[in-house]
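K.L.:
Prediction below, plus the sequence it came from.
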Amino acid sequence: MELSQCQARSAELLLEIEAEMRRIGLWAQEAPSAADLASPLPFCCDTLNFAQWLQFVFLPRMKILLEAGAALPSQCGLAPMAEESFRFVEINTVKISALLRQVDDTLTAGAENCSSH
């Protein structure tokens, strides 16, 4: 299976996001409970913090879609959520926020190219 340019860039960004989360200490060692992960609210905002949602929901789901060659979301809105979530943290989140904005831009710009062919 050959990845589209959008899919390839998305895969790169997922790896960069994980690496940056690990580097700045946002990567959790323990997974949340199944009940917390099952929240029906956007970003599981009632049960997880944004970094947990990225690690345990967004990244795994995106990897599954990429591995299956399935259509990727045409928009995510990660950057605004990151800006709000990281507003009061004591670590430098400039790079992770920029990476999340790149995911938004990549998916939005390449929506028609990110589907399986």
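P.N.:
Right, received. Where do you want to start?
K.L.:
and the gap between Ala51 and Val103?
P.N.:
Ala51 sits 15 Å away from Val103, taking Cβ to Cβ, to the nearest Å as the criterion. All C-beta spots, glycine's among them, are computed from the backbone N, C-alpha and C.
K.L.:
Counting neighbours, go ahead and name the busier of the two.
P.N.:
For Ala51 versus Val103, the count of surrounding residues by other Cβ atoms under 10 Å is larger for Val103: 23 against 20.
K.L.:
That one is in contact with Ile17, isn't it?
P.N.:
Yes - look at Val103 against Ile17 with Cβ atoms under 8 Å: they come within range, at 7.4 Å.
K.L.:
longest helix anywhere in this protein?
P.N.:
For the chain, the helix reaching the highest residue count under DSSP state H is reported as helix 5-24.
K.L.:
what comes up buried for the helix or strand that it is followed by?
P.N.:
Elements were assigned by DSSP states H and E; along the chain past helix 5-24, the next helix or strand is helix 34-37. When neighbours are counted by 16 or more other Cβ atoms under 10 Å, the buried residues of helix 34-37 are found to be Leu37.
K.L.:
Touching helix 34-37 from outside, list them.
P.N.:
If you take Cβ atoms under 8 Å, 6 or more residues apart in numbering as the criterion, helix 34-37 is touched by 31, 44, 47-48, 56-57.
K.L.:
again with stretch 103-112
P.N.:
Outside stretch 103-112, the residues within contact range by Cβ under 8 Å, 6+ apart are 4-6, 9-10, 13-14, 17, 72-79, 114.
K.L.:
Same question for stretch 18-27.
P.N.:
Here stretch 18-27 has contacts from 51, 54-55, 59, 91-93, 95-96, 99, using Cβ under 8 Å, 6+ apart.
K.L.:
cool, stretch 78-86 as well?
P.N.:
Stretch 78-86 is contacted from outside by 43, 49-51, 58, 93, 96-97, 100-101, 103-104, using Cβ under 8 Å, 6+ apart.
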